[in-house]
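Visitor: A structural model of the following input is requested.
(2 chains)
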There are 2 protein chains.
Amino acid sequence: MRILLVGAGGVGSAFAAIAARRDFFEMIVVADYDVAKAEKAAAADGRYAAARIDASSAESVAALCREHRITHVMNAVDPVFNMSIFDGAAEAGADYLDMAMSLSQPHPQAPYEQTGVKLGDEQFAVASDWESAGRLALVGIGVEPGLSDVFARYAADHLFSEIDELGTRDGANLVVTDDDGNEIFAPSFSMWTTIEECLNPPVIWEKERGWFTTAPFSEPEVFDFPEGIGPVECVNVEHEEVLLMPRWVDCKRATFKYGLGDEFINVLKVLHTLGLDSTEKVRVKAENGFCEVSPRDVVAAVLPDPATVGPRMKGKTCAGLWVTGKGKDGADRSTYLYHVVDNEWTMREYGHQCVVWQTAINPVVALELLARGTWSGAGVLGPEAFDAVPFLDLLTEYGSPWGIKEL
Amino acid sequence: MRILLVGAGGVGSAFAAIAARRDFFEMIVVADYDVAKAEKAAAADGRYAAARIDASSAESVAALCREHRITHVMNAVDPVFNMSIFDGAAEAGADYLDMAMSLSQPHPQAPYEQTGVKLGDEQFAVASDWESAGRLALVGIGVEPGLSDVFARYAADHLFSEIDELGTRDGANLVVTDDDGNEIFAPSFSMWTTIEECLNPPVIWEKERGWFTTAPFSEPEVFDFPEGIGPVECVNVEHEEVLLMPRWVDCKRATFKYGLGDEFINVLKVLHTLGLDSTEKVRVKAENGFCEVSPRDVVAAVLPDPATVGPRMKGKTCAGLWVTGKGKDGADRSTYLYHVVDNEWTMREYGHQCVVWQTAINPVVALELLARGTWSGAGVLGPEAFDAVPFLDLLTEYGSPWGIKEL
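Guide: Residues are numbered from 1 along each chain as shown, chains lettered A, B, ... in the order given. This next block holds a predicted model:
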């Protein structure tokens, strides 16, 4: 297995650090638009090489694949580049993995009622091409989507006879402080992606209605997260699980709620009110004249790089799936399958903060299962298309066990 | 009189439109970094010419002054460029006017208690050079500072025997709507300047203590504005009046409070929390690589241009000075001197929205008084250094009367 890792940001660098401890691959080319970042991440292991890549160009991706005889392209950049990387991998005949699917576009007339272009639509549109080429695109294999989808498959196979709702619930009690110990605003994950998922119309799936949308921040609910995190206010957010799970797992409803908290919701609302969430370029004064920048890129650029906040961060993050329905015995069942990671542990063990680490470990596990042949397939497939047990076992073997709690 | 107008934004364009109706000058060169903007504003009158200028370069300013034999440089750009324009005018031997003074820098150790570099300090530092050259720099001659300072001088000369507080109070009931009639976030004045003045530590002057600062948004107070605007919550804001008035007008205290409202304060707090108020450049992806932009410039760029919101704006804006102390008869007196402008009127009469129009009319009046010789002087002087009566009379003659109300 020869891997092209596209993106040496927070998640990409954590991926490199986690994979460095495993022997299932021959080499990894770490590529980034900013080659200095790629070189830094590539220093993690002797099997790594660094390269510059333009992720917005399928040709740039395909050329790098051919140059290094890449078998698997691991996409670890903001999902705005998904299609060029996905197409570049196809062009070079490589398998492909990502941790978020191709982007949505709201319904032009009724954005908060009906879906327009859905997450992943562009990728699923060419699924038959991938299938007939015998190539695999494993989409949404981070932690959420990713591990949450593995949980869905596990619940259906081993815990439930009938599922009412597959409700992904994400929450944390992370705090970032400055040098003086004062709490600061520093998202633990890509601000670009956070804005994208939180300000897009949240999508919900119901067996009778299919996919539909609501207004942002809808249906607030306090969810009590395990292992000391405690109750956090969660709201509906657009997320891949809702698009993936119903395709492979029988259920009546699929939702995703994110524990954003009041302060973060206020920040997102203000960014939206001002238009600073926009990805349409604006003309701004620069050194020698003007330049065109995307306001959302500027918001991301002023905030601390999520890859660097680890040492100043404290707390735990939890990803998980709340499943309701009837158990194998036919009785009502309400179960939360989850994965909690403590920042102190990831920083000590890997030198990466817990949120990006928790995202990055899952594609490493998946690639190892693909390398072993335990997982195999062709087409555009979500994590729930594969057997969950070997994945959860290998995750535990990596030293990061999952948990289960009846609610 | 041959005027160089630096800046063809909202205020500059309104200045050009107001001056076009007067005959006290020979010509105006309208200069902007964006020459298309300069050309548009210069189309207002046959005595106008357009030019490109780099306001950050004193040489660029001086060269344009020499080329057109400029007698008066009218600075109508964001105050970050004040010193290069001020120095360029001095170099070319021209008189100078601005509507905001050179910028402050917070005290490095105690920013919310003590002043660091104060507004105007850099300009006042070279006052003796201007005086010995026989040249005038009339600083802070917009509406606030500007007309408010004229009111201070008027109150001292004609209304009060003893002044306790000179309290500038600014408020409005302006609303901007989109094409569908929904209220939108669209500041009526330069967002760059608004951020600067609202997030810097507010400055207060007291006879015993001199100048000192507080935390942003301090001492909230509901002030009842006249002519139908009504009560608005006002907070302390850093403003030039506090630096200017005590230099020429005897008083015990000088303050400035701005009617920002809750929503706007929340926006400013979020911008500050995220660092989007910063003027330090950040590296952002652009068309061909990266470019360096100031986050604050990006915030200004995504918002509607204050010069263009006029047709979608409704309401009135009020600038004024609340004076307390003892009247000429020795009895307690509390008087608000004010200037209210209705957006509907300025749009109909001049095609410019009320806030920029209200700012721009004052330097036109001042230049006319200088052209007539009614006002004259040398050095770095504030508006309160001159007789207020001819200014207020000429303002009324322009069709924009002021008001007075006992509180």
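
Visitor: now stretch A:271-282: mean pLDDT?
Guide: The pLDDT scores in stretch A:271-282 average 94.

Visitor: CA atoms of it as CSV?
Guide: Extracted in CSV, the C-alpha atoms of stretch A:271-282 (Å, rounded to 0.1, in the frame of the first residue of the first chain):
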residue,chain,number,x,y,z
LEU,A,271,-20.3,35.7,11.2
HIS,A,272,-23.3,34.8,9.1
THR,A,273,-25.0,38.2,9.8
LEU,A,274,-21.9,40.0,8.5
GLY,A,275,-21.3,37.7,5.6
LEU,A,276,-17.9,36.5,7.0
ASP,A,277,-19.0,32.9,6.6
SER,A,278,-19.0,33.4,2.8
THR,A,279,-16.7,31.6,0.5
GLU,A,280,-17.3,34.1,-2.3
LYS,A,281,-14.1,36.1,-2.8
VAL,A,282,-14.0,39.8,-1.9
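
Visitor: quick one: that stretch to chain centroid distance?
Guide: How far stretch A:271-282 lies from its chain's middle: 23 Å, per C-alpha atoms, centre = their mean, to the nearest Å.

Visitor: Which positions in the stretch 251-400 of chain A make contact with chain B?
Guide: Within the stretch 251-400 of chain A, the residues that sit near chain B (C-beta under 8 Å from any C-beta of the partner chain) are A:266-267, A:270-271, A:273-276, A:278, A:282-287, A:291-295, A:297-299, A:301-303. Where C-beta positions appear, they are placed from N, C-alpha and C, glycine not excepted.

Visitor: Selection in PyMOL covering whichever of the residues you listed are buried, please.
Guide: The command below creates a PyMOL selection of those among those that count as buried (16 or more other C-beta atoms under 10 Å in any protein chain shown):
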select buried, chain A and resi 267+270+271+274+275+276+278+282+284+285+286+291+293+294+295+297+298+299+301+302+303
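
Visitor: Restricted to strands, list the residues of the stretch 251-400 of chain A next to chain B.
Guide: Cross-referencing those against strands under DSSP state E gives A:282-286, A:291-293.

Visitor: so what's A:S376 up against?
Guide: For A:S376, the contacting residues are A:136, A:370, by C-beta atoms under 8 Å, 6 or more residues apart in numbering or on different chains.

Visitor: and it, that one's in a strand?
Guide: No: counting by DSSP: H, G, I helix; E, B strand; the rest coil, A:S376 is not part of a strand but coil.

Visitor: tell me the contacts of the residue in the stretch 51-200 of chain A positioned nearest to chain B?
Guide: Residue nearest to chain B within the stretch 51-200 of chain A: A:F185 (4.8 Å; C-beta to the nearest C-beta). Applying C-beta under 8 Å, 6+ apart to A:F185 gives the contacts A:176, A:263, A:267, A:303, B:273-274.

Visitor: Which pLDDT value goes with it?
Guide: Predicted confidence (pLDDT) for A:F185: 90.

Visitor: what helix or strand does it sit in?
Guide: Under DSSP states H and E, no helix or strand contains A:F185.

Visitor: now the one 10 residues further on
Guide: When secondary structure is defined using DSSP H and E, the element that contains A:I195 is helix A:191-199.

Visitor: for that helix, packing partners?
Guide: Contacts defined by 3 or more C-beta pairs under 8 Å, 6 or more residues apart in numbering or on different chains; DSSP states H and E place helix A:191-199 against helix A:262-274, helix A:295-302.

Visitor: I'd like the average pLDDT over stretch A:42-59.
Guide: 96.

Visitor: pull the CA atoms of it into CSV?
Guide: C-alpha atoms of stretch A:42-59 as CSV (Å, rounded to 0.1, in the frame of the first residue of the first chain):
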residue,chain,number,x,y,z
ALA,A,42,6.6,13.9,6.9
ALA,A,43,9.4,14.1,9.4
ALA,A,44,7.4,11.7,11.6
ASP,A,45,8.6,8.5,9.8
GLY,A,46,11.3,7.3,7.5
ARG,A,47,8.7,5.8,5.1
TYR,A,48,7.4,9.3,4.5
ALA,A,49,8.1,11.8,1.7
ALA,A,50,6.9,15.4,1.4
ALA,A,51,5.5,17.1,-1.7
ARG,A,52,3.6,20.2,-2.8
ILE,A,53,0.1,19.8,-4.1
ASP,A,54,-2.6,21.9,-5.5
ALA,A,55,-5.6,20.1,-4.1
SER,A,56,-8.0,22.2,-6.3
SER,A,57,-6.5,20.5,-9.4
ALA,A,58,-7.4,16.9,-10.2
GLU,A,59,-4.4,16.9,-12.6
